[in-house]
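> model this:
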Amino acid sequence: MKKTMSFLGLLIVASMLLAACAPAGETIVVTEIVEGQVIEKVVTATPEAAEPVGSLAALDGLWFSLGTEPPTLDVSLATDTTSHMIMHQVVEGLFEYRGDGSIEPAGATSFTVSEDGTVYTITLREDAVWSDGVPVVAQHFVDGVVRLMLPATASEYAWLMYDLQGGEEFNTGEIDDPALLGVKALDDYTFEVTLKAPTPYFETVLPFSTFYPIRLDIIDEFGDAWTEPGNYPSNGAYLLDYWDHEAEVGLVKSPTYWGAADVSIEKITFPIIVEQVTNLALYENNELHASGEGGYPNEDMPRILDDSVLSEELRILPRPGVYYVGLNTLTSPTDDVLVRKALASAIDRKTIINNVLNRPWQTPLSCTTPPRILGYQEWGTCGHTFDIEKAQAYLAEAGYPDGEGFPTLRVWFNRGNEDILEAVAAMWTENLNIHVELRTNEWAVYLEYLDACNNSKEELAACEFNAYRMGWVMDYGDPQNQLEVVFAPSSTFQYTGWESARFDELMELAGSSFVTADREAFYFEADKILSEDEVSIIPIMGYERNTLVKTGVTFEYPPFGAPAFKHWDLP
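So this is what the prediction gives:
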């Protein structure tokens, strides 16, 4: 069991308006409190970009930035987009999502489904080998699922596989015989998956990393170091060449990949660039082919849109998901649903999108399901929209008229989200007359803090936050991946402590129905309970993939999961 940690990250007390209103190149003083010490530091506002002096032709292979260090490359443990960005190039699963959202064979060639809808028989490629020449066989896929589901692995994605026969029982230790889990190698190239009941969304899960193959012999040989370069086994298009932690990850084309003849890019470099200002400068200086996961400052969006070159290179692509604030329902004052409703009603999402992010095309969400996904509800038809009078009335009814007597609201978030969270805090302060304390840290540490709070209801109730920032980019194209996987009361991906028997019932109903209209109705009601009635989640907006890619680069971004660079080409 993890030990509860106190949050020693950065306490932000500077107004969001300081940097936003500063002229380009002007220095401003920001006051911060770091581990109890008051410090001042000089920050330079983003200057106008200089003319590029670099040449794309001088780059060796594809240069694509990461915004943070990958927390892990263990396929049984990774839950974040950064880790999956690397893993998706190096490890090939059964199927893959393409740019149009379709699912195509990858490590598999085809599958059949039994008449009762519970048995999937998957035929594997016979020409696939690992980087050491060992053939990729069905047992490697069986091993991957079994290791993911072992209680000792403590995988956060294990319960995603509870639809498998024996899945929940095996993961919780009720049974310990892997033969009772619904995965089997019928022969070297036939992988069988048995479900406990017909599952309408199961085919959309097949491309996901929960079905990645593994090499137990290599894991046993190297232990925790199996994910390091030189040890990491690859059956994908690329090999893990080097990993300079906190600085850079490098991949090279795999000569043993079955589709190597169709892979154009020989080398990929992932510089880890935490500062978005730096990332954009490198992109504009032709030191990156794409802005990648490193992003760019929100305040630069107007300049990007006005620039004749950058505006042509801005790619706005579907990426279904939700950016949200979660509320700790087990600690005061957010244990009061009236307070939660007040907080939800005091946020002007459209102002955040238009004036803070400068991205008017993004979709504000009042409930969690994003556009283009079954169960999406139009703005204002579900959840709470911006209404100061209602917000103040909710707060007064909770016993805090005009914010009187309201304790400090403690909000945690990870770095890179300052603009949005400072805007939210400013709205709560202005509209509700309450004091908000913002605390932040880098992504891996932030997740560690939250996870340490989530071992039990008692620990979560004692934890030092009322609200936290999080986002979910959907892994596959069914609302179950968000409403159930992320927001169900039993999910380890949320840190709210909320409970709802009706929500759980609706997830069961939606997960067993093959009638689309019925499933949609179930998801409508569930999202309303989550975002409107109980307000354990405050949705802010849907995601889009807003990225810069150089003219001449052939690229493809699937709506679900990471891009596969084997489908990219350089000018």
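> need the pLDDT of the closest residue to P302 other than its chain neighbours.
Once flanking residues are discounted, P302 sits nearest to N358: 5.6 Å by C-beta to C-beta, 6 or more residues apart in numbering. (Each C-beta comes from the backbone N, C-alpha and C, glycine too.) Looking at N358, its pLDDT stands at 91.
> was I right to think N358 contacts E299?
Yes: in this structure N358 lies within contact range of E299 using C-beta atoms under 8 Å: 7.1 Å.
> just how off-centre is stretch 58-69 within its chain?
Counting by C-alpha atoms, centre = their mean, to the nearest Å, stretch 58-69 is centred 20 Å from the centre of its parent chain.
> how about that stretch: buried residues?
L59, G61, L62, W63, F64, S65, L66, G67, T68, E69 (16 or more other C-beta atoms under 10 Å).
> and what of stretch 105-116?
For stretch 105-116, using 16+ other C-beta under 10 Å, the buried residues are P105, A106, G107, A108, F111.
> and which of those residues is nearest P364?
Ranked by distance to P364 (C-beta to C-beta), the buried residues of stretch 105-116 are led by A106 at 35.6 Å.
> name every strand pairing with the longest strand belonging to the chain and say which way it goes.
Longest strand in the chain, counting residues (DSSP state E): strand 314-327. For strand 314-327, the paired strands and their directions (DSSP bridges) read strand 467-473 (antiparallel), strand 537-548 (antiparallel).
> how far does the shortest one sit from its chain's centre?
Taking C-alpha atoms, centre = their mean, one finds the center of strand 467-473 at 8 Å from the center of the full chain.
> buried set for it?
Per 16+ other C-beta under 10 Å, strand 467-473 contains these buried residues: A467, Y468, R469, M470, W472, V473.
> same question, the longest one
By neighbour count on 16+ other C-beta under 10 Å, the buried set for strand 537-548 is I537, I538, P539, I540, M541, G542, Y543, E544, N546, T547, L548.
> nearest to N431, of these?
I538 (13.7 Å).
> who's in contact with the residue lying closest to D402 once chain neighbours are set aside?
Using C-beta to C-beta, 6+ apart and skipping the chain neighbours, the partner closest in space to D402 is N433 (5.3 Å). Each residue near N433 by C-beta atoms under 8 Å, 6 or more residues apart in numbering is listed here: D402, G403, E404, F406.
> on that earlier part again, just put the buried residues of stretch 58-69 in CSV and tack on distance to R125 and secondary structure.
As requested, these are exported to CSV (distance: C-beta to C-beta, whole Å; DSSP: H, G, I helix; E, B strand; the rest coil):
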residue, distance to R125, secondary structure
L59, 32, coil
G61, 26, coil
L62, 25, strand
W63, 31, strand
F64, 27, strand
S65, 32, coil
L66, 30, strand
G67, 34, coil
T68, 34, coil
E69, 33, coil
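> pLDDT value on the residue nearest to D402, please?
98.
> now do the strands in the stretch 151-300 of the chain.
Listed from the start of the chain, the stretch 151-300 of the chain has strands (DSSP state E, counting those that start in this stretch) covering 183-187, 190-194, 238-244, 248-253, 267-271.
> how about these in a markdown table, adding distance to G54 and mean neighbour count?
As requested, the strands of the stretch 151-300 of the chain are exported to a markdown table (distance: least, C-beta to C-beta, whole Å; neighbours: other C-beta atoms under 10 Å):
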| stretch | distance to G54 | mean neighbour count |
| --- | --- | --- |
| strand 183-187 | 49 | 17 |
| strand 190-194 | 46 | 21 |
| strand 238-244 | 21 | 19 |
| strand 248-253 | 17 | 20 |
| strand 267-271 | 14 | 20 |
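> of the ones you listed, which is nearest S311?
Going by C-beta to C-beta, the one of these nearest S311 is strand 267-271, 24.5 Å.
> touching that closest one from outside, list them.
60-66, 85-86, 89, 238, 241, 247-253, 282, 288, 292, 294, 565.
> run through who's touching stretch 149-160.
Residues contacting stretch 149-160 (C-beta under 8 Å, 6+ apart): 76-77, 79, 147-148, 161, 164, 167-168, 170-173, 181, 205, 208-210, 485, 490-493.
> ramachandran coordinates for T554?
When quoted as degrees, to the nearest 10, the phi and psi of T554 stand at phi -80, psi 120.
> residues touching it, list them.
W568, D569, L570.
> how many neighbours does the second one have?
Neighbour count for D569, taken as other C-beta atoms under 10 Å: 15.
> likewise for the first one?
A count of neighbours around W568, defined by other C-beta under 10 Å, yields 21.
> so the closest residue to it other than its chain neighbours versus S536, what's the distance?
Distances taken as C-beta to C-beta, 6+ apart place F555 nearest to W568, at 5.3 Å, with adjacent residues excluded. In this view, F555 and S536 are 37 Å apart by C-beta to C-beta, to the nearest Å.
> go on, R303?
Distance from R303 to S536, by C-beta to C-beta: 38 Å.
> looking at these two, which is more packed in?
S536 (25 against 18).
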